[in-house]
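# The following block contains a protein sequence and its predicted model.
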Protein chains: 2
Amino acid sequence: PKEEAIKEPAVTYLSSWNDGATKRAIMDFVTKTTTEGSADFIPVADRIATFDNDGNLWAEQPVYFQLLFAIDQIKTMAPEHPEWKNEQPYKALLEGDIKAALAGGEKALLQIVMTTHGGMSNDEFAASVKNWIDTATHPKTGKHYNEMIYQPMVELLEYLRAHDFKTFIVSGGGVDFMRVWVEEAYGIPPYQVVGSSNKARFEVAEDGSTSVVKLQELNFIDDKEGKPVGIYQHIGQRPVFASGNSDGDYQMLQWTTTAKGYPRFGLLLHHTDAEREWAYDRESHIGQLNKGLDDAQKFGWTVIDMKNDWKKVFPFDE
Amino acid sequence: PKEEAIKEPAVTYLSSWNDGATKRAIMDFVTKTTTEGSADFIPVADRIATFDNDGNLWAEQPVYFQLLFAIDQIKTMAPEHPEWKNEQPYKALLEGDIKAALAGGEKALLQIVMTTHGGMSNDEFAASVKNWIDTATHPKTGKHYNEMIYQPMVELLEYLRAHDFKTFIVSGGGVDFMRVWVEEAYGIPPYQVVGSSNKARFEVAEDGSTSVVKLQELNFIDDKEGKPVGIYQHIGQRPVFASGNSDGDYQMLQWTTTAKGYPRFGLLLHHTDAEREWAYDRESHIGQLNKGLDDAQKFGWTVIDMKNDWKKVFPFDE
Ligand SMILES: [Ca+2]
Ligand SMILES: [Ca+2]
C-alpha cells in the first residue's frame, strides 16, 4: 500500500539484549534523561558517557590483548636484538614461555611495554598496531582481535549516541594502541579515547620532516583513581553514565554516581558465561571484580549478568 | 512569489572578513578539501583544525587575561592570608603594582598561578572562573573578557564546522580555565580543548562525596614544542588546519604543514591594528611573533593582516 512507502523504518535498539531488569534499567534511564519536559532531563551538552575497554567492550582473556601485541612485537623486533636470547624477560618470551617472562612481576611487564611502545614515532607505532590488528588472531577463537568485541555493548554505544550522548573510552590500556582501531569497531573517534600514555617529544629531522616520538617513560596511568583524573583532564566534565567491568573502574563509577544534580547511571559487566566467553570475577588476575560486586547495591549500580542478559556475545556468534 | 517560500536562505560565511587574498586562501582550501571528487578531498574523520586561544581567538593585551584572573583571585583570597601583606609577589599585587609583582620573573608568576589554580576542587575552580567571567571587565574597553573575542575568528570556526571540520582549541592557557566559557563563546565543547594543566587527584570525603582536586604542581605545558605533543596525546591525529598568532604556535603549524598526504593550512594572525585592537609582533613580551613571520613564506603559511583583512575586530565593534 502506498502509505507504507513514506513510513520511517522502526529502529530496534539493543536487539542482542534479552528483555529483563538490566535492559529495562538502561532504557528507563535513557528515556527519562532525554525526554523533553521530564524532571530528570539532561541537556545534550552534559550527556557524557564513559566506557572501560578491556573486558568491557572487547574480551581480555587469557591476558590483556595489548600484552599479546607487545609479545608479538618483541618477536618481530628480536632479529635486531641478538642480546635478547640471554636477557629476561625477552629470553622467556622468545621461547614462548609467557608465564616465566612475567615472573619478573611489574618490572618485567613494564620493560616489555616500554620496549614495544616507546622509542619510535607515533606514525611507526600506529602502523605496527594496525598491522597486528589486521593479521594476529586469538589463541582460542582464531578470530582477529577487533572481532572479539561485545555485540551488546556496541549496540549500547549506538543506542546512547542515537540519544545524543557522547561516548568516550576511558581505559587503562594505551591510548594510542586503541585509537588505531576503535573508530571502526565502536564508532568512537580518536579524540574521544582516554587512556594510559607514555611521554612524547616533538622532533624535526634534518630533511625538515617532523614527528612526535614516543619515549620510554610513563606519562599517565589511566586506571583506578586515575580514571576520574583522566576524565577530568581530557573531557573536563563529570560523566552521567559510566560503564566498566573490574575494580579498576570502581572510582570512575563512584565519581560518576555520587555526583549531585542529574540522575547518573553506573554499569558493571559481570563475566558469568564460561561457555560463550569466560567466567571470572573475585579471584581473577585479569579484570578482577571484587569490591565492585560488594558495593554495587550501595551505589545503585546495575550489574550485567553476561550469561542471562545477552542473547549473543560476539558479532560472530550465531 | 510562491517559489521563494521554499528557497533555502543563502548562507554568508566569513562576513566580517574583507575580500582579499587571505579570505580567498581560506575559502579555496576549504572548498578543495571538502568537495567530493576533488583530488585534494579530505575525509570527514581527518578534518581536524586546531586554534590557539590567547591573541588568536580573544585578545591578550595588556597581559594574558588568565593572569588578570589570577591577580583578581589573589585579592579575593587575601583576607584569609594576612601574611601576604609582607610577602612577595602578593604584597606588590595587593598594592596594585603588577610590574613589581612580576619582577620576580617566572618563579613569581608560577607562584601566583599555583596559589590561584591549585589546592581546590575542580568544581570550586570552575565556579571561581565563571564568577570572574561574569563580573570582571577589561581595563581599556570596559567589556567583559568573553566579549573581547575576535568576530572574524568566530566566523572562521563556524565556517569550518559547517564543512565538517572538528575545531579544537590548543592553547598554552590553563585547560580548565578555558573550558568554563569557550563553548558559549566559540561553540567548542570542553572535551575539544587542549591546554596546560596541573596535576590532579581523586578524593573521597568522609560523607562519601567525591571530587577531583587540583594540585599545586604542573602537569603539562601546552606551548611551543609542547603543542604537537598535546595534540598527539589529546586528539591523536595530526591536524590539517592550524591557526595561531605567536612563536608559541610555530611548532604546531610546522607539525601540521610538513605532514605528508593531504593538503594542509597554516594560519598566523598578525596584530597590525593599533586603532581597533593592538599592534605588536617581533618585540612584544606578550604574544611575540618573530620566527613565525620570518618563516611563514617558507612553510606557505597564510598571514592575516588584522587591520586590512578584518571589517571588524570585536563583536561589539560597529
Ligand atoms: Ca576492564
Ligand atoms: Ca597566542
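Nice, thanks for sending it over. Numbering: from 1, shown residues only, chains lettered A, B, ... in the order given. Ligands and ions are numbered 1, 2, ... in the order given.
# my guess is residue A:172 is in a helix, correct?
No: assignment of residue A:172 by DSSP: H, G, I helix; E, B strand; the rest coil gives strand, placing it outside any helix.
# That one: what's it in contact with?
A:52, A:54, A:195-196, A:221-223, A:226, A:248 (C-beta atoms under 8 Å, 6 or more residues apart in numbering or on different chains). Yep, even glycine has a C-beta here, placed from its N, CA and C like the rest.
# what does residue A:176 give?
Going by C-beta under 8 Å, 6+ apart, residue A:176 touches A:122, A:125-126, A:129, A:195, A:197, A:214, B:232, B:236.
# quick revisit: and the contacts of residue A:172, which of them are in helices?
If you go by DSSP state H, the contacts of residue A:172 have residue A:226 in helices.
# top of the contacts of residue A:172 by neighbour count?
Most neighbours among the contacts of residue A:172, by other C-beta atoms under 10 Å in any protein chain shown: residue A:52, with 28 neighbours.
# and the gap between the spatially closest residue to that residue that is not a sequence neighbour and ligand 1?
Nearest residue to residue A:52, sequence neighbours excluded (C-beta to C-beta, 6 or more residues apart in numbering or on different chains): residue A:244, at 3.8 Å. Distance, residue A:244 to ligand 1, by C-beta to the ion, to the nearest Å: 6 Å.
# cool, and residue A:287?
In terms of C-beta to the ion, residue A:287 sits 5 Å off from ligand 1.
# Okay, and that residue sits in which element?
According to DSSP states H and E, residue A:287 maps onto no helix or strand at all.
# cool, the one 5 residues further on as well?
In the assignment (DSSP H and E), residue A:292 maps to helix A:291-299.
# Now that helix: buried residues?
A:292, A:295-296, A:299 (16 or more other C-beta atoms under 10 Å in any protein chain shown).
# Quick check: the residue nearest to residue A:52 vs residue A:221, distance?
Taking C-beta to C-beta, to the nearest Å as the measure, residue A:244 falls 16 Å from residue A:221.
# Equivalent analysis for residue A:302, please.
Relative to residue A:221, and taking C-beta to C-beta, residue A:302 is found at 27 Å.
# Residue A:241 now?
From residue A:241 to residue A:221 the distance is 23 Å (C-beta to C-beta).
# returning to what we had before: which one of the contacts of residue A:176 is nearest residue A:67?
Nearest to residue A:67 among these is residue A:129, at 13.4 Å by C-beta to C-beta.
# ok so the closest one is a helix residue?
Yes: counting by three-state DSSP, residue A:129 is part of a helix.
# Chain neighbours aside, what residue packs nearest to it?
In space, and not counting its chain neighbours, residue A:129 is closest to residue A:180: 4.3 Å by C-beta to C-beta, 6+ apart.
# Under the pLDDT cut-off, which ranges of the stretch 1-150 of chain A? List them.
Across the stretch 1-150 of chain A, the ranges flagged by pLDDT under 70 are A:1-10.
# which residues touch residue A:238?
Residue A:238 touches A:48, A:231, A:255-256, A:259, counting by C-beta under 8 Å, 6+ apart.
# distance of residue A:87 from residue A:111?
10 Å.
# Which of the two has more residues huddled nearby?
residue A:111 (17 against 12).
# Just give the nearest non-adjacent residue to that one, would you?
In space, residue A:111 is closest to residue A:89, 6.3 Å off (C-beta to C-beta, 6+ apart).
# Confirm for me that the one you found is in contact with residue A:105.
No: taking contacts as C-beta atoms under 8 Å, residue A:89 lies outside contact range of residue A:105: 10.0 Å.
# Settle it for me: which of those two has more neighbours?
residue A:89 (24 against 9).
# neighbouring contacts of stretch A:51-58?
Residues contacting stretch A:51-58 (C-beta under 8 Å, 6+ apart): A:60-61, A:64-66, A:145-146, A:148-150, A:153-154, A:157, A:167-173, A:178, A:182, A:185-186, A:195, A:242-246, A:248-249, A:252, A:269, A:271, A:286-287.
# Reduced to three states, what does the closest residue to ligand 2 within the stretch 101-250 of chain A come out as?
Taking C-beta to the ion, ligand 2 has its nearest neighbour within the stretch 101-250 of chain A at residue A:202, 17.6 Å off. With three-state DSSP as the basis, residue A:202 sits in strand.
# What about it, how many residues nearby?
21.
# Contacts only, for it.
Residue A:202 neighbours (C-beta under 8 Å, 6+ apart): A:210-213, B:225-226, B:228-229, B:251, B:255.
# what's the answer for residue A:229, then?
Here residue A:229 is in contact with B:200-202, B:212 (C-beta under 8 Å, 6+ apart).
# Relative to residue A:34, which of those residues is nearest.
residue B:212 (26.3 Å).
# And for the closest one, the neighbour number?
Using other C-beta under 10 Å: residue B:212 sits among 22 other residues.
# Name the residues of chain A found near ligand 1, please.
Residues of chain A found near ligand 1 (C-beta under 5 Å from the ion) are A:52, A:54-56, A:245-246.
# got those residues as CSV, with distance to residue B:34 columns?
Shown next, in CSV, are the residues of chain A next to ligand 1 (distance: C-beta to C-beta, whole Å):
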residue, distance to residue B:34
A:52, 35
A:54, 37
A:55, 40
A:56, 36
A:245, 40
A:246, 43
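# Helices of chain A, start to end?
Under DSSP H, chain A gives helices at A:21-34, A:65-77, A:90-94, A:98-101, A:105-117, A:122-135, A:151-162, A:175-179, A:182-186, A:226-234, A:250-257, A:291-299, A:306-309.
# isn't residue A:318 right next to residue A:311, touching?
No: taking contacts as C-beta under 8 Å, residue A:318 lies outside contact range of residue A:311: 10.2 Å.
# Among the two, which residue is more densely surrounded?
Between residue A:318 and residue A:311, counting by other C-beta under 10 Å, residue A:311 is the more crowded of the two (13 against 3).
# Please name the nearest non-neighbouring residue to that one.
residue A:16 (4.9 Å).
# likewise residue A:251?
Residue A:251 sits nearest to residue A:225 (C-beta to C-beta, 6+ apart), 4.8 Å away.
# Could you report the neighbour count for the one you found?
19.
# Now do the contacts for it.
A:251, B:201-202.
# I'd like the residues you listed written out as CSV, with pLDDT added.
Below are the contacts of residue A:225 laid out as CSV (pLDDT from 0 to 100):
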residue, pLDDT
A:251, 98
B:201, 98
B:202, 98
